[in-house]
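> Got a sequence here, can you build the structure:
(4 chains)
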4 protein chains.
Amino acid sequence: MERLVIPAEGIGQLSPAWRKCVGTGRMALALRADYRESLKLVQHDIGFEHIRGHGLFSHAMGILRDSEGVQRCGFTYLDEVIDSYLDLGIKPFLELGFMPHALASGEQTLFWWKANVTPPKDHGEWAALVSATVKHLISRYGLDEVRDWPIEVWNEPNLDAFWAGADMAAYFKLYATSVQAIKEVDAELQVGGPAVAPRAGEWYEKFAAFVTDQGLPCDFFSAHAYSSKPIQPFPFGVYQGFYPSEDLLEQFAIPGQVLAGTPLEHIPVHITEYNTSYDPLNPIHDTAYNAAYLAPVVANGGDLVDSFSYWTFCDVFEEQDVPTSIFHGGFGLMTIHQLRKPTYHLYAFMARMGSQILARGEDHLVTRHDDGRVTILAWQPVGDPDAVRFGELPASHQVGFEVPLPGAKAAAFIRRSVGEEAGNAWAAWRELGRPMAPSRRTMDLLREASAPAVTHGSLAIEHGQVNLDLTLGRHEVTLVEVLPVTPDHHEGLDDSRLLGHEPR
Amino acid sequence: MERLVIPAEGIGQLSPAWRKCVGTGRMALALRADYRESLKLVQHDIGFEHIRGHGLFSHAMGILRDSEGVQRCGFTYLDEVIDSYLDLGIKPFLELGFMPHALASGEQTLFWWKANVTPPKDHGEWAALVSATVKHLISRYGLDEVRDWPIEVWNEPNLDAFWAGADMAAYFKLYATSVQAIKEVDAELQVGGPAVAPRAGEWYEKFAAFVTDQGLPCDFFSAHAYSSKPIQPFPFGVYQGFYPSEDLLEQFAIPGQVLAGTPLEHIPVHITEYNTSYDPLNPIHDTAYNAAYLAPVVANGGDLVDSFSYWTFCDVFEEQDVPTSIFHGGFGLMTIHQLRKPTYHLYAFMARMGSQILARGEDHLVTRHDDGRVTILAWQPVGDPDAVRFGELPASHQVGFEVPLPGAKAAAFIRRSVGEEAGNAWAAWRELGRPMAPSRRTMDLLREASAPAVTHGSLAIEHGQVNLDLTLGRHEVTLVEVLPVTPDHHEGLDDSRLLGHEPR
Amino acid sequence: MERLVIPAEGIGQLSPAWRKCVGTGRMALALRADYRESLKLVQHDIGFEHIRGHGLFSHAMGILRDSEGVQRCGFTYLDEVIDSYLDLGIKPFLELGFMPHALASGEQTLFWWKANVTPPKDHGEWAALVSATVKHLISRYGLDEVRDWPIEVWNEPNLDAFWAGADMAAYFKLYATSVQAIKEVDAELQVGGPAVAPRAGEWYEKFAAFVTDQGLPCDFFSAHAYSSKPIQPFPFGVYQGFYPSEDLLEQFAIPGQVLAGTPLEHIPVHITEYNTSYDPLNPIHDTAYNAAYLAPVVANGGDLVDSFSYWTFCDVFEEQDVPTSIFHGGFGLMTIHQLRKPTYHLYAFMARMGSQILARGEDHLVTRHDDGRVTILAWQPVGDPDAVRFGELPASHQVGFEVPLPGAKAAAFIRRSVGEEAGNAWAAWRELGRPMAPSRRTMDLLREASAPAVTHGSLAIEHGQVNLDLTLGRHEVTLVEVLPVTPDHHEGLDDSRLLGHEPR
Amino acid sequence: MERLVIPAEGIGQLSPAWRKCVGTGRMALALRADYRESLKLVQHDIGFEHIRGHGLFSHAMGILRDSEGVQRCGFTYLDEVIDSYLDLGIKPFLELGFMPHALASGEQTLFWWKANVTPPKDHGEWAALVSATVKHLISRYGLDEVRDWPIEVWNEPNLDAFWAGADMAAYFKLYATSVQAIKEVDAELQVGGPAVAPRAGEWYEKFAAFVTDQGLPCDFFSAHAYSSKPIQPFPFGVYQGFYPSEDLLEQFAIPGQVLAGTPLEHIPVHITEYNTSYDPLNPIHDTAYNAAYLAPVVANGGDLVDSFSYWTFCDVFEEQDVPTSIFHGGFGLMTIHQLRKPTYHLYAFMARMGSQILARGEDHLVTRHDDGRVTILAWQPVGDPDAVRFGELPASHQVGFEVPLPGAKAAAFIRRSVGEEAGNAWAAWRELGRPMAPSRRTMDLLREASAPAVTHGSLAIEHGQVNLDLTLGRHEVTLVEVLPVTPDHHEGLDDSRLLGHEPR
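Have a look, this model is predicted:
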């Protein structure tokens, strides 16, 4: 096997953009026990910095309340949600929306939970709501803390489903009202938009021009990226075709291209949602294919943007429905009750990568830690999804490395893998008959099946380096740690004598 | 002081009816973290046997689902809720309702969460839903377990708000459909009704006659009891007048009176909801008055019924609204985030009573444990609420006992008290300016203020008994444990020498 | 491959003897946090019924105390230990010993912690100590509970190191004193002996004759079994040769053979200690070899005795020393800080076996559960340890089964394996340079390496059975669950469409 | 009542010396579960910075090991202990001692656990042990971390019991050897001594002169302070007379007086042990008297020294013996199993004081927090212990304050008290017959009795201040928080209407 020679010197720092933010189901779900268990696990294994979801001003959060002609802002649930976020070491990335019934100018709603998606009937009342909310947050959490929470105005206003009529002028007015209300509270709070869905056409340029022309603050630019094609519905699910992985990276690149040369050139760009499919009932999300497909995106996205936020961290999620089956194609990195999906492990592997990039390629990312460890993320490239039917990619993929370990006398590796064979509870679930409501015993089996396979061994050092030949299975994503070893001295120890035989 | 002479022999067993069941906000709330923390605490300190609330078939539980023309029952959330109940040592008392949108014959809804309260448009579909649900529960939890869960048909059908038109014939039809569907699954499952609200008029007799005439099974009779008068609304709250405590006991007694002499004479009677006020925004629920008022009800209710279920165990509750303030008059034994209210302590005190009743009166209940301890629950009688304005009852109430401790050589007591001075976070909250959204630090102070006052001391034994003179404060409820003491021998110990002085 | 045909009908019940008891380091270690964490894990994954160790009356337990001429029994630590046992769902198997300094007739001690191994200087004082201890236990835990705790008199009196001079007459006197003291407290407490070390010669017969002749109660007969040969010391460790596995089963059989035909014929026989090596610094305990060697013992021991107690459940253990290295050859099923060894997994696999035995052989045990699952424990037979040097057994072992699944339409399996490749933290530790005091990061790697490998898949059913061909690696022990599967119906689901391709 | 007028301006910062360090039983006890539970509680409620105890090199820590002629340092237990400290947010204050058997020059031992107190037979070997230990700690925890751990050479060398012959020259040699060994590893590690027991005579001056003359580093000066008189033993306990509280402060002052004008003038002074009695079986430690006696010491000690370390944080402690009774006069701030003693609460009260001192006196300390709260610690002065027998101090003590609350419109207080009546599990234990081994139920009662009494109320503001009149009971220590209050607006709320009465 031909092996890639890894250089001893780094070629750059690994950007933290991949873990800067993660998506979540609507905010009120953060009150739930399962959600918190899931977030706790994610934070332990991955450690995202911010979390972003819809529904701050939804009915279920109970912020704007009326009684006997008196209006109040109630922050009972908001405080509980944000307390729980901070306790788990993650900060909110606030999204202003959707419209409280009391402020709505129309009846159009979205989702199972009936989010109102019409403009405010009175922009002053909207500004007052935004202002009261931000002031309350500052009073409870402190100004320094809240300044670290980006605030995004609305979600996907370029889609009629999310913003009545996809009315650009109305969105610009909402943006202006919102940013002014917030900056009046404190000029250093970070506000941005336009949070557009993919294929947004002229929204990029026009939003940039609008804020520039109006002299409005804009602290970051945000957009979404999905690589799926039209939906093919079936009962309780959809299928979709997909563009190749590169399509996502191309979408990431657009805002930077648009803003280049404008006054907004240097503001951060946040991809505040991305995934393969934008549908929460697409089984692709449950597969190892999803992880292998996204591996080059996660490995390279940080070159293009300041964050790209996987939509979403767990299947505690309600948009179209309450899930009827443990696996149902949810967006989550894990199912309800914490069966970790392959893409979860892709992220957990990323969390073990070193700070310094040694090499990158179409099927690998190689980094080094300060302590000398070299960590290799490798995957089977999936190519063009249209070209090969699911399950018909080659059964294996080879990749080899010559890894420098300067100064080491001995070495070992530990490898963790997910693919069709391991770390794939969905595959086990299929074998077990796809039970919609598994018993606790079956959940335990699936939990076992969700763990990555672990292998380990010694590596010979020659000329200051080790050779590492990896065979990956179909859809496999693997993490290999190569560790310099310094043996301890155990005088007299001789494994060949373990059964009482004479020393050789 | 004149003292009540407590007899050495018991006059009966303390009925477990007081802890047989407790009420809860709608079932979907059981998915929430705070709800579970609250229930865990309640189960540790009180230990209810069953839990009953609305909303089994609500939208938020996601049981009846449709997609692309296919209908499914999904039990994802139901399983999670019931798993959590059983894990916490409490069993469901199921209430069939309200109507899934897909089955509803009308549009009438109730509550902030829009419970549909119309009859099924097709009773066969309703029967199918009930049957599928019961079968699923049996498959997951086992038949023996589910037979121990009473199943109640609907809630308060005698009120138009809860059952369109308060249509008695329609309710009887629903009952017949439901009981038949369930008994077809298993004849030993326990089904009952009619779950009527107070002042139900002829519903009692007519329901009894209906099931008797139709030869329908009826395994228990259920009704509700509240002692409040019409509401006097103010923003985010209501006030109400109250009938005296005895009114609740009289309401408890009605079903037994009605059923006497009928074929249903010996079936259990369950008061499946009771409280002072039926309004979840009445501040009375937060007060020590509520505890003192209910003390004789809790102490005596078990003589009249097989259970009476406090509505509800915690303020994680949503009917009219999401609470805007930590104290807002919620039904709960505790607030959100577990500030225990005085009525919580009344129940926790009951949980420490012995199995054998020694004496009972208008301001006390005296019991003995198998180990010889005597436990006394005492309270200030509140009399007729109309007669004395809140806060103007006498500042103290005296009660004294001669407690038999046969065979004991020494004795001690430990007393726990709640009232205006102690175990009353609401009182402390008023002093702190009634903050709607208290900081964590303030919550800690309120938590300290929510603990009962504890005092203790030695008691002299004379003629095999001890004298116990208790002074109760305004609205006080107190629990006194009188303990026989057997001193250990510590040779040479002499507290008078603690500072090095010579023995006396 | 030739496959073993598994019968559909069971050939007997699997005896619970294998989990009836487990060994532990001296009792005072049960005060330690790591010990409790370890026991908690063992109880979760395996679930032993009793736990037996030395040191009840050791200095460190502080039971017999003197001060200023006054003697007291202090039960501070004993209560804490036994509380913790019961909290973790395990009951004590009490061993009376060793001798408190204040009662000892000589100076001879054993172990790093200086256990005095001489007879009491006054048997009345010994009887008083035993009696006071038993009475205290009954007062704290209740008579019913304590009657379920076997009480064994002393440990290995046939060895001079454990009982001065291995004096048989002195032991018989101690036994007589002890059993009389205990039976005076309560006649139904269970007392036994003689707890002899292997190769005990005439002790079996003479003890049986003694209790019979003297008319002394003897509720069980106990002995130990180890299969190791003389030690070959090296710094901080020993090597030993071993007799084949069968030797242990032969040792188990001896008490039954000796008691046959005597009045003690029907009393329970407890092997109150067993393992390969009796030395706590023999690295064999850390290996997969140990698990493969013991697999047939664990699978078959229950035919011969009522219990056989693995010595010991964890490496929190101090006899010769405080361990200087994380892996040091300790007896434990796991290391300190809970790295599970291969023998741990052997036991955890046993805990997943069904109640009904379908087949047994030299490399397998096949059982069925009530729910129809078939569980197969298989292992590589290790043969005569003298014959093959460590690490030189064949690299693989084949075994195949035809497994009946009457009535099943589909099937799946899940397999868990430990051996040289997986579930073997010791192997990974060697690769990492055998660090004596691993960093927390290295401990995390070792923890990952300690998990069994998990594989799973579908199985085709033909003629009501499935074929299962297993290839085991060197020293492998594997557990295969064969599960009947009933598929749920997901209308429209078609994995071949996952990438949006047309249905085939 | 005359009230003390508290000034609005602070008179200085409250020194953190009181929480800089706390004492502990020997290091090996930190392996125990109860110890860790206790330390967790202490750290939650009080939050000490360092922890210091004996026994680093004791047999039970297993550091210096020999086997087959090979010597090793094993850090298995040391790592576990220090990991647990750091996990609980506390750092070690290392004490070098006592002498490992293998290095000891003599046989003299101390304590139940037989600490060898003789000089090393070979100072080179001692230096090697110290050096290896420090190097291991740096390798595991990092140099920056270990530089923050003071290292003290030996303990109380001026007592023959702790250092054979109280040999000053031998101690100086040990100090020189130790400090040189450590500074060779890293010059910024902090080393000090001489850790002398009270009434140390010429040790202070001579140690200062020795290190100065020899040019040896000395990074801090340490000494102990106890105020008890000779012991009066009784079985399992002692009584002692006491000097007044001031005696402790005078002892604190000595090192500073001695070092004044010498080259060591500016090094930190650490009182590495202090308490009333130096005997771990003196019941004074369990009393509220102990707390009232020490209150002025804790309030004022920081003026004199850089730390004063209460000996010890819990009763998991073994010097003379294993405790035979739950209350036995142990040094601990709490008993085993976490019954908090009054002195615990004194420390927990201190942890709630503000950073700015407003006033101080013989019965009070008044501070202000940054948020405007004023916190008052008050106590009954106990005077000269010889003058009044235990229990015969006045039944009450009055103190009053005029507390400034500039700008506040309303105010409230919350008061926590311990004394004879509350926060005094020992008093309850006496009433319950002083059970040596309480049942779990009795422990629950004692736990309830161990909580401080809490009262609260509103305070009227006049001229920007509130009046606070406190009546303290016998031996009472009380903490009063005075809080400025800003009422929330609840439109329509009127408590006088709670029972439905008309508004007044």
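> Quick check: the residue nearest to the spatial centre of chain A vs A:Thr272, distance?
Nearest residue to the geometric centre of chain A (C-alpha atoms, centre = their mean): A:Tyr310, 2.2 Å. Using C-beta to C-beta, to the nearest Å, A:Tyr310 is found at 11 Å from A:Thr272. For the C-beta atoms, the positions are set from N, CA and C on the backbone; glycine is no exception.
> mind checking pLDDT for the residue nearest to the centre of chain A?
A:Tyr310 is assigned a predicted lDDT (pLDDT) of 98.
> Quickly list what's touching both of A:Tyr310 and A:Thr272.
A:Gly23 (C-beta atoms under 8 Å, 6 or more residues apart in numbering or on different chains).
> Run the contact check for stretch A:266-276 versus chain C.
No. Judged by C-beta under 8 Å from any C-beta of the partner chain, stretch A:266-276 makes no contact with chain C; its nearest approach is 9.9 Å.
> Just the CA atoms of that stretch, as CSV, please.
Output in CSV follows, covering the C-alpha atoms of stretch A:266-276 (Å, rounded to 0.1, in the frame of the first residue of the first chain):
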residue,chain,number,x,y,z
HIS,A,266,-14.9,41.4,8.1
ILE,A,267,-17.9,40.5,10.2
PRO,A,268,-18.2,36.9,11.3
VAL,A,269,-20.2,34.5,9.1
HIS,A,270,-22.3,31.9,10.9
ILE,A,271,-24.0,29.0,9.2
THR,A,272,-26.7,28.8,11.8
GLU,A,273,-28.2,25.6,10.5
TYR,A,274,-26.8,22.9,8.2
ASN,A,275,-27.3,19.2,7.6
THR,A,276,-27.8,16.8,4.7
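> Give me the domain ranges for chain A.
As given by automatic domain parsing, the domain ranges for chain A are A:3-10+A:356-485, A:15-350.
> Tell me which of those sits most buried.
domain A:15-350 (a mean of 21; mean count of other C-beta atoms under 10 Å in any protein chain shown).
> Would you mind measuring the gap between the ends of that domain?
Terminal residues of domain A:15-350 are spaced 11 Å apart (C-alpha to C-alpha, to the nearest Å).
> all helices for chain A, in order.
For chain A, applying DSSP state H gives helices covering A:33-45, A:76-87, A:123-141, A:143-146, A:168-185, A:203-214, A:246-259, A:288-300, A:342-350, A:425-431, A:440-449.
> Dump the ones you listed to JSON lines, plus distance to B:Leu493 and mean pLDDT.
Formatted as JSON lines, those follow (distance: least, C-beta to C-beta, whole Å; pLDDT from 0 to 100):
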{"stretch": "helix A:33-45", "distance to B:Leu493": "50", "mean pLDDT": "98"}
{"stretch": "helix A:76-87", "distance to B:Leu493": "48", "mean pLDDT": "98"}
{"stretch": "helix A:123-141", "distance to B:Leu493": "53", "mean pLDDT": "98"}
{"stretch": "helix A:143-146", "distance to B:Leu493": "56", "mean pLDDT": "98"}
{"stretch": "helix A:168-185", "distance to B:Leu493": "66", "mean pLDDT": "98"}
{"stretch": "helix A:203-214", "distance to B:Leu493": "81", "mean pLDDT": "96"}
{"stretch": "helix A:246-259", "distance to B:Leu493": "78", "mean pLDDT": "97"}
{"stretch": "helix A:288-300", "distance to B:Leu493": "70", "mean pLDDT": "98"}
{"stretch": "helix A:342-350", "distance to B:Leu493": "60", "mean pLDDT": "98"}
{"stretch": "helix A:425-431", "distance to B:Leu493": "63", "mean pLDDT": "98"}
{"stretch": "helix A:440-449", "distance to B:Leu493": "54", "mean pLDDT": "97"}
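> Report how far apart the opening and closing residues of stretch A:235-249 are.
Stretch A:235-249 stretches 32 Å from its first residue to its last (C-alpha to C-alpha).
> got it, and stretch A:5-16?
One end of stretch A:5-16 sits 26 Å from the other (C-alpha to C-alpha).
> Tell me which residues touch the residue nearest to the centre of chain A, please.
A:Val22, A:Gly23, A:Tyr274, A:Asn275, A:Leu333, A:Thr343, A:Tyr347.
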